[in-house]
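>>> Quick one: sequence plus predicted model below, questions after.
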Amino acid sequence: MAERLLLRHRDLPGLGELPGYQAHEGFEGLRKAVMTMTPAQVIDLVKASGLRGRGGAGFPTGVKWSFLSPGVFPRYVVANADESEPGTFKDRELMEHNPFQFLEGVAICAYAAQANLAYVYCRGEFWDLAHRLEENLAEMGRAGFLGARLLGTDYDLDIRVHLGAGAYICGEETALLESLEGRLGQPRLRPPFPAAKGLYGKPTVVNNVETLANLPLILTRGAEWYRGFGTEKSPGTKIFSLSGHVARPGNYELPLGTPFRELIFTYGGGTSSGLKVKAIMPAGASSSILPGTDEVLDTPMDYESVAAAGSALGSASVIVMDESVDLGWVLKKTSEFFNHESCGKCTPCREGTYWMLHAIERLEHNRRSVGDVALLRSVAAGMQGKCLCALGEFSVVPVVTGIDRFQADFRPDGRDEP
Ligand SMILES: Cc1cc2nc3c(=O)[nH]c(=O)nc-3n(C[C@H](O)[C@H](O)[C@H](O)COP(=O)(O)O)c2cc1C
Ligand code: SF4
């Protein structure tokens, strides 16, 4: 197992407490940033590290920060702790067990963005965790790492925790901002992007919890050190949330570029049943589904290689399915989820997710008739590229790739045929 940069609490007992955290480079990154660097230098360092957003899209973090509208203030930073993708449970572990590394990351990001106020937006079910984060923030304030003139500099920062109300769509950054402003959580039309017009119409950085938790060590140990992990285009380590038919599900922090085979067999212990891997969803319910072929199992898990294999790394919630699984059942589950979570703002997704689920149920009822598969395909095609936000697109990809790549599961079963 490579060195853990994020799940360090597993190797360093006491890291979750402020003294324990301080004993292991805690707040040295923030100290270095605010005492010896300008915000622009912090942005350049993060750009040089090659860190990419861990919330799903893999967008380069420093580049995103450099898009903030120049000269417009106040600015805000929002940590996206909505973590609602089925199969993703990494941000929760980070916040529960290594909270100060995450919160220090929020503070470093805020300094780079020249923001004096940052929010941590937690999914509604994290109410207990949100309460603990508030206690962690109070401790940071008492120790001088937050508040007015932090660490004796002329920089002021406040971080507040906000609880959502349990909607998957509120993980989408513009719906999140609507929700944070007290409105119904529905996505905004983009552009403008949050870096230009975000929270309260002001320049805003939205970053995922895991992205932010990388910052303290990048600041203390440097960009070159960070680039020593992972691949050239996807540097660093990544937390893979492994679930499904594996003997040892859980979070595994590994260098980006580690093959699926190593995650599933070396760390996950292979399938719990001993059956072959039939399918892999690399990005939770929002995945293009990959077949469990040798070629796929040997694919390195980095942003480019998983895309080239016909899927996306996303938030790296790797769901493994063995040969006992019927893809028709899987598509029903993903379609139920997206039909339930569609916010209803745009017609292709509001109607499409409903009809897609309806077509899948009809498929089951009619013993997988060829006509029903064609109907499902046509509903999916009617949505692709036409939805206001990525949720609509997410709902389509498992369906289309499930039908195309696992055709045997969608052949008429002939039970009713004469
Ligand atoms: C439907 C939907 C749900 C999302 N859920 C999350 C989430 O729970 N957490 C998250 O960090 N990003 C989520 N995202 C991605 C965010 O919109 C955004 O890209 C991300 O927070 C940016 O942070 P990053 O650059 O650090 O990855 C979601 C996107 C969509 C379309
Ligand atoms: S694609 Fe779906 S979730 Fe996104 S805005 Fe349209 S209805 Fe809402």
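Looks like it came in fine. Ligands and ions are numbered 1, 2, ... in the order given.
>>> going forward, measure contacts and count neighbours with C-alpha atoms only.
Will do.
>>> Can you check the pLDDT for H365?
Looking at H365, its pLDDT reads 74.
>>> and the closest residue to P99 other than its chain neighbours, which of the three is it?
Distances taken as CA to CA, 6 or more residues apart in numbering put G16 closest to P99, at 6.2 Å, once the chain neighbours are dropped. In terms of secondary structure, G16 is coil; the call rests on DSSP: H, G, I helix; E, B strand; the rest coil.
>>> Relative to ligand 1, how far out is G16?
22 Å (CA to the nearest ligand atom, to the nearest Å).
>>> For the helix or strand where T353 lies, list every residue counted as buried.
Using DSSP states H and E, T353 maps to helix 347-365. By neighbour count on 16 or more other CA atoms under 10 Å, the buried set for helix 347-365 is 348-350, 352-364.
>>> remind me which residues of the chain are low pLDDT?
Low-confidence segments of the chain, defined by pLDDT under 70: 1, 366-367, 413-418.
>>> Tell me the residues of it that contact ligand 2?
187, 342-346, 349-350, 387-392 (CA under 6 Å from any ligand atom).
>>> Selection in PyMOL covering whichever of those residues are buried, please.
Those of those that count as buried under 16+ other CA under 10 Å are selected in PyMOL with:
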select buried, resi 187+342+343+346+349+350+387+388+389+391+392
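>>> still on that earlier bit, elements contacting the helix holding T353?
On a contact count with 3 or more CA pairs under 8 Å, 6 or more residues apart in numbering; DSSP states H and E, helix 347-365 meets helix 327-341, helix 370-383, helix 390-405.
>>> Buried deepest among the ones you listed, which one?
Most buried of the helices and strands packed on helix 347-365 by mean neighbour count (mean count of other CA atoms under 10 Å) is helix 390-405; its value is a mean of 21.
>>> So is that one next to ligand 1?
Yes - interface with ligand 1: helix 390-405 contributes A390, L391 (CA under 6 Å from any ligand atom).
>>> Distance from that helix to the middle of the chain?
18 Å (CA atoms, centre = their mean, to the nearest Å).
>>> Quick one: list the elements packing against that helix.
strand 290-291, helix 327-341, helix 347-365, helix 370-383.
>>> can you give me the angle the helix holding T353 makes with helix 390-405?
Angle of helix 347-365 versus helix 390-405, following axes from the mean of the first three to the mean of the last three CA atoms, to 10 degrees, is 30 degrees.
>>> does any part of helix 347-365 sit near ligand 1?
No - judged by CA under 6 Å from any ligand atom, helix 347-365 stays clear of ligand 1, getting no closer than 11.6 Å.
>>> Distance from the chain centre to that helix, please.
26 Å.
>>> Check stretch 156-173 too.
Worked out by CA atoms, centre = their mean, stretch 156-173 lies 14 Å from the chain centre.
>>> So for it, what gets flagged as buried?
156-159, 161-164, 166-173.
>>> right, quick check: it against ligand 1, any contact?
Yes - counting by CA under 6 Å from any ligand atom, ligand 1 has neighbours in stretch 156-173: Y168, I169, G171, E172, E173.
>>> Just the CA atoms from that stretch would do, formatted as PDB, please.
The C-alpha coordinates for stretch 156-173 follow below in PDB (Å, rounded to 0.1, in the frame of the first residue of the first chain):
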ATOM      1  CA  ASP A 156      -9.700  37.300   8.500                       C
ATOM      2  CA  LEU A 157     -11.600  34.100   7.900                       C
ATOM      3  CA  ASP A 158     -14.800  32.600   9.200                       C
ATOM      4  CA  ILE A 159     -16.000  29.100   8.200                       C
ATOM      5  CA  ARG A 160     -19.600  28.000   8.800                       C
ATOM      6  CA  VAL A 161     -21.300  24.700   8.400                       C
ATOM      7  CA  HIS A 162     -24.600  24.400   6.600                       C
ATOM      8  CA  LEU A 163     -26.900  21.400   6.400                       C
ATOM      9  CA  GLY A 164     -28.800  20.500   3.300                       C
ATOM     10  CA  ALA A 165     -32.100  18.600   3.400                       C
ATOM     11  CA  GLY A 166     -31.200  15.300   1.700                       C
ATOM     12  CA  ALA A 167     -31.400  16.000  -2.100                       C
ATOM     13  CA  TYR A 168     -28.800  14.400  -4.400                       C
ATOM     14  CA  ILE A 169     -29.200  17.300  -6.800                       C
ATOM     15  CA  CYS A 170     -27.800  19.700  -4.100                       C
ATOM     16  CA  GLY A 171     -24.400  18.100  -4.800                       C
ATOM     17  CA  GLU A 172     -24.500  19.800  -8.200                       C
ATOM     18  CA  GLU A 173     -22.600  23.100  -7.500                       C
END
